[in-house]
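*Asks:* the following comprises the amino acid sequence and a computationally predicted model.
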Amino acid sequence: MNSAAFFIIAILTIAAALAAASLRTLIHAALSFALAFVGVAAFFFLLGAEFVGLVQVFVYIGAVAVLIVFTILLTRRDVGKDRGFNWSGVVVAVAVFAGLLWAILKTPMLSIAAPPIEALTVKRIGEVLMTDYVWPLQCVGLVLTAALIGALILVMEEKRE
Amino acid sequence: MTLSILLVVSAALFCIGLLAALSRRHAIFILIGIEMMLAAANLNFIAFWRFGPQPQQPTGVMVAIFAIAIAAAEAAVGLALVIAVYRHYRTTNVDELDQLKG
């Protein structure tokens, strides 16, 4: 694991996430959001979970970012209005970050290096998914079907009588 | 690269998502913040799987895959709700949606 690559990806991800949280133009924020998720996928690749990184790219950059852009287009007339910014949220977020940082740096067990492992193949993931995790897999399929139908019903035009 | 520095990055990502969800007034920004918090949690799952005592068992990877699927379903329903609310009230500002206020 390369620590130079780690720091570059970390800085890129945090900067893109900050831009997504603070930019005023919605479409710029959506693109920064996609960039931040590319960074998270790069972390997954760096940690040896290539399959999860690929799923992250497909699902978030391929589907969720496009969905967000479409929603921005469909709610376009509302974009021009002035938006307020709630500063108490900044205080809460900084307080939570300080608390987490204190907890992480206080725990000596966490400053360990990664043990060497053999690569986790897609074949193994598929085997585990179809044996040990087959019921969770079915439940996720059910949830996705319900979400698909629910989203369709929510955005359907109402019939005028 | 140690586990703690990875956890610090993930905590930063979580807090930026929290910041977006708490302080922005636009509904789409709130959804973006929630997605960011979920991604930070996934990063923690993968990190603890990689640095944990049994990396041969792909439990953390499985949880991350399921969490990504649930997050995608949540994003689809959330954005459909934003569009439905916009159709009714012509706004996506969550401060203006105060019909239930007593």
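*Replies:* Received, thanks.
*Asks:* and the helices in chain B?
*Replies:* Ranges of helices in chain B, per DSSP state H, are B:3-23, B:27-51, B:59-89.
*Asks:* rounded mean pLDDT for stretch B:20-30, please.
*Replies:* For stretch B:20-30, the mean pLDDT works out to 88.
*Asks:* I should have written stretch B:53-62 there, sorry.
*Replies:* Here the average pLDDT along stretch B:53-62 is 85.
*Asks:* if we can go back for a sec, what's the closest of the helices of chain B to A:Val38?
*Replies:* Closest of the helices of chain B to A:Val38 is helix B:27-51, at 11.2 Å (criterion: C-beta to C-beta). No exception for glycine: its C-beta is placed from N, CA and C like everyone else's.
*Asks:* which stretches of chain B have low pLDDT?
*Replies:* Judged against pLDDT under 70, chain B has no low-scoring part.
*Asks:* just to revisit the earlier point, mean neighbour count and distance to chain A for the helices of chain B - can I get that in JSON lines?
*Replies:* Listed next are the helices of chain B as JSON lines, based on neighbours: other C-beta atoms under 10 Å in any protein chain shown; distance: least, C-beta to the nearest C-beta, whole Å:
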{"stretch": "helix B:3-23", "mean neighbour count": "23", "distance to chain A": "3"}
{"stretch": "helix B:27-51", "mean neighbour count": "23", "distance to chain A": "5"}
{"stretch": "helix B:59-89", "mean neighbour count": "19", "distance to chain A": "4"}
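*Asks:* flag every buried residue along stretch A:112-131.
*Replies:* Buried residues in stretch A:112-131, counted by 16 or more other C-beta atoms under 10 Å in any protein chain shown: A:114, A:120, A:125, A:128-129.
*Asks:* off-centre distance for it?
*Replies:* Relative to the centre of its chain, stretch A:112-131 is centred 22 Å away, using C-alpha atoms, centre = their mean, to the nearest Å.
*Asks:* what's the straight distance from one end of that stretch to the other?
*Replies:* One end of stretch A:112-131 to the other measures 32 Å (C-alpha to C-alpha, to the nearest Å).
*Asks:* so which residues of chain A form helices?
*Replies:* Ranges of helices within chain A are A:3-22, A:26-46, A:50-56, A:65-74, A:87-106, A:122-131, A:134-155, based on DSSP H.
*Asks:* in CSV, list those helices along with distance to B:Gly52.
*Replies:* Compiled in CSV, the helices of chain A are given as follows (distance: least, C-beta to C-beta, whole Å):
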stretch, distance to B:Gly52
helix A:3-22, 19
helix A:26-46, 16
helix A:50-56, 15
helix A:65-74, 31
helix A:87-106, 16
helix A:122-131, 16
helix A:134-155, 20
